[in-house]
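Novice: Sequence and predicted model, in that order:
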Amino acid sequence: YYPGAQSLTMKVLYEKETLRLLGAQIVGREGVDKRIDVLATAIRAGMTALELSVWGSRLGFILASAGSAVGLGAIWKFPYMAGTNGGSIFMLPYIFFTVTIGLTLLIGEMCMGRSVRAGAAGAFRRLGGPFTGIIGYISVLTGFLVLAFYSVVGGWCVYYMIQAFMGNGIINDPSMMRGAFESFASSDVAPVLSHLTFLGATALVVYFGVEKGIERVSKVLMPLLFFMMLILIVRGLMLPGAMKGVEFLFKPDLSAFTGESLLNAMGFAFFSLSVGSGSQMNYGSYLSDRVHLPSSVSWIVFLAILSAILGGLMIMPAVFAFGLSPDAGPGLTFATMPAVFAQLPFGHFFAITFYVCLFFAALTSSISILEMSVQFLHDEFNISRPAGVTITGSILAVLGTLCALSFGTLSHVTIFGKSFFDFFDYLTSNIGMPIGVIGIAIVTAWLAWPTTVNQLSLVKPVSGFFLKSYRVMAGIFAPILILVVMLKGLGVF
């Protein structure tokens, strides 16, 4: 920086070349403030302004993070997880885990990422030491393996979206719904090609970086997704027998309670928020110091819970109305919705709109996961973004193909009694993410508590009660509860 510059403002104004590289067109005080904030962040992180990716707005950050949290979790996974785990007995614990452990440790994950401007591996190592650095690597691996099977589901969205555009998005005979999906999923070519198409779309967005890709896409797609879900919910609730599905979701049935359902509810709470997999820590590393973390993260959690409830209301009433079994498994959403569209005027139009939204819902989550893996390669091995996208995309193409074929050609190949698809799902949601969450709890509440306090208080002071509540929840309650639920669900006691 130039000698004689007495303030960061003057330094920024002198840095004409840096401002040019940032593409700055400074108009008024707001433009100056934004560029000062960018350079201040880069200085503290030891980066150049060109190297550091940042969010252009608080709204963009919230919608992108909510997109990562919501994604297909609300529309695809929540309905079938609720269906196979007792309905309300699954949903109520899920909401409890989300607003307690999930909210607390998502705040902690964002604190870690923003404080050191690094992804999970770097943040855990710098804040907690070498041992917790191992947890950071587990978190990165967890997120990576999530995308291995998640891109398969994204491929299903691609296939059904194409079918809708071709006029095949409606099925008038409910008895054919499940068979149509199973026929597609068990084939050898279509699921693999669909998976590769979805993965390619994800890589394309990540290649262009945060402001050019993720933020711009999320601002448009998230509101459209919610609007489309509301339309389908209203029509589904008008079907004869639909209220049985509402009762299934909201009327407690204690006879359906099991330790495994409790573990699955906790695992889905982490899955739905993407907490413990490193992707949200990655998003936090891009976040400006001007954003108040507790309020922003609260919005993310609220949108995640709302989306899950809406996803359940969109699918489950139709399942009962058409006499399907709620425990149909991963294909429940894709087997159900074609019959709902058949009950709507302009059903083909609604089918196209729904599958387009579903595709982009999947894309918002896959973007955050691949972005995390690319940043990991950059932080740890100084690999450029284009090279990182190529490396991670190639490996995921292979792993995803194994998952795509696990419903057909490779259905006989199992790991601990589970197909590739089910094994990656169980390993990440019920083991990998809880380990990552426990690591976040230990680091933010104990090993790096002063850093946590600083991050929570950056924008405006927080009360002593809030800080004490956070520390008790993150440092004591969360690790104990997670360990108990994990051991109970795994059959240890």
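Specialist: Nice, I can see it.

Novice: Would you list the phi and psi of the nearest residue to residue 406 once chain neighbours are set aside?
Specialist: Nearest residue to residue 406 in three dimensions, chain neighbours excluded: residue 419, at 3.8 Å (Cβ to Cβ, 6 or more residues apart in numbering). For glycine as for every other residue, the C-beta is placed from the backbone atoms N, C-alpha and C. Note on residue 419: backbone dihedrals following degrees, to the nearest 10 are phi -70, psi 170.

Novice: Residue 419: neighbouring residues, count only.
Specialist: For residue 419, the neighbour count with other Cβ atoms under 10 Å is 20.

Novice: mind listing what it touches?
Specialist: 403, 406-407, 410-411, 413 (Cβ atoms under 8 Å, 6 or more residues apart in numbering).

Novice: now the helices for the stretch 151-300 of the chain?
Specialist: 177-185, 190-207, 216-237, 243-250, 259-273, 279-285, 293-321 (DSSP state H, counting those that start in this stretch).

Novice: Can you say which of those helices is nearest to residue 425?
Specialist: Among those, the nearest to residue 425 by Cβ to Cβ is helix 259-273 (8.9 Å).

Novice: Next, the angle helix 293-321 makes with the closest one.
Specialist: 120 degrees (axes from the mean of the first three to the mean of the last three Cα atoms, to 10 degrees).

Novice: where does the stretch 201-350 of the chain have low pLDDT?
Specialist: Applying pLDDT under 70 to the stretch 201-350 of the chain picks out residues 209-219, 221-222.

Novice: Mind giving me the packing neighbours of whichever strand or helix holds residue 92?
Specialist: Per DSSP states H and E, residue 92 falls inside helix 88-97. Applying 3 or more Cβ pairs under 8 Å, 6 or more residues apart in numbering; DSSP states H and E, we find helix 88-97 packed against helix 78-84, helix 243-250, helix 259-273, helix 293-321.

Novice: Give me the helices and strands touching the helix or strand just after it, please.
Specialist: Per DSSP H and E, helix 88-97 leads on to helix 103-116 as the next helix or strand towards the C-terminus. Counting contacts by 3+ Cβ pairs under 8 Å, 6+ apart, helix 103-116 packs against helix 120-128, helix 279-285, helix 293-321, helix 433-442, helix 449-456, helix 464-472.

Novice: Which residues does the first one contact?
Specialist: Yep, that's helix 120-128 we're talking about. 112-113, 115-116, 118, 132-137, 139-140, 143, 278, 281-282, 285, 372, 376, 379-380, 436, 439, 442-443, 447-448, 451.

Novice: correct me, but residue 141 touches residue 432?
Specialist: Yes. Using Cβ atoms under 8 Å, residue 141 is in contact with residue 432, at 7.1 Å.

Novice: Those two: which is more packed in?
Specialist: Each of residue 141 and residue 432 has its neighbours counted (other Cβ under 10 Å); residue 432 has more, 26 against 20.

Novice: Near residue 188, how many other residues are there?
Specialist: Counted with other Cβ under 10 Å, the neighbours of residue 188 add up to 11.

Novice: on that earlier part again, any idea which of the helices and strands packed on helix 103-116 is most buried?
Specialist: helix 279-285 (a mean of 30; mean count of other Cβ atoms under 10 Å).

Novice: circling back to that earlier point, run through who's touching the helix holding residue 92.
Specialist: Counting by Cβ under 8 Å, 6+ apart, 78, 81-82, 248-254, 256-257, 261-262, 264-266, 268-270, 272, 305, 308-309, 312 sit against helix 88-97.

Novice: how about 6 Å then?
Specialist: 82, 249-252, 256-257, 261-262, 265-266, 268-269 (Cβ atoms under 6 Å, 6 or more residues apart in numbering).

Novice: Stretch 171-189 now?
Specialist: Against stretch 171-189 from outside (Cβ under 6 Å, 6+ apart): 190-191, 322, 331, 334-335, 338-339, 342, 407-409.

Novice: Find the pair from those with maximum spatial separation.
Specialist: Spanning the widest gap among the contacts of stretch 171-189 are 342 and 409, at 31.4 Å by Cβ to Cβ.

Novice: more neighbours, the two?
Specialist: Using other Cβ under 10 Å as the criterion, residue 342 and residue 409 rank with residue 342 on top: 17 against 14.

Novice: wait, which of the contacts of helix 88-97 is closest to residue 483?
Specialist: Of all the contacts of helix 88-97, residue 483 sits closest to residue 266, with 10.9 Å by Cβ to Cβ.

Novice: Might you report the residue contacts of that closest one?
Specialist: Here residue 266 is in contact with 97, 485 (Cβ under 6 Å, 6+ apart).

Novice: All further residue positions should be reported with the first residue as 34.
Specialist: OK, 34 is where the count begins now, so the last one is residue 299.

Novice: what's the spacing between it and residue 268?
Specialist: From residue 299 over to residue 268 the distance is 33 Å, taken as Cβ to Cβ, to the nearest Å.

Novice: circling back to that earlier point, I'd like to know which of the helices of the stretch 184-333 of the chain lies nearest to residue 398.
Specialist: Nearest to residue 398, of all the helices of the stretch 184-333 of the chain, is helix 312-318, at 8.2 Å by Cβ to Cβ.

Novice: All set, thanks.
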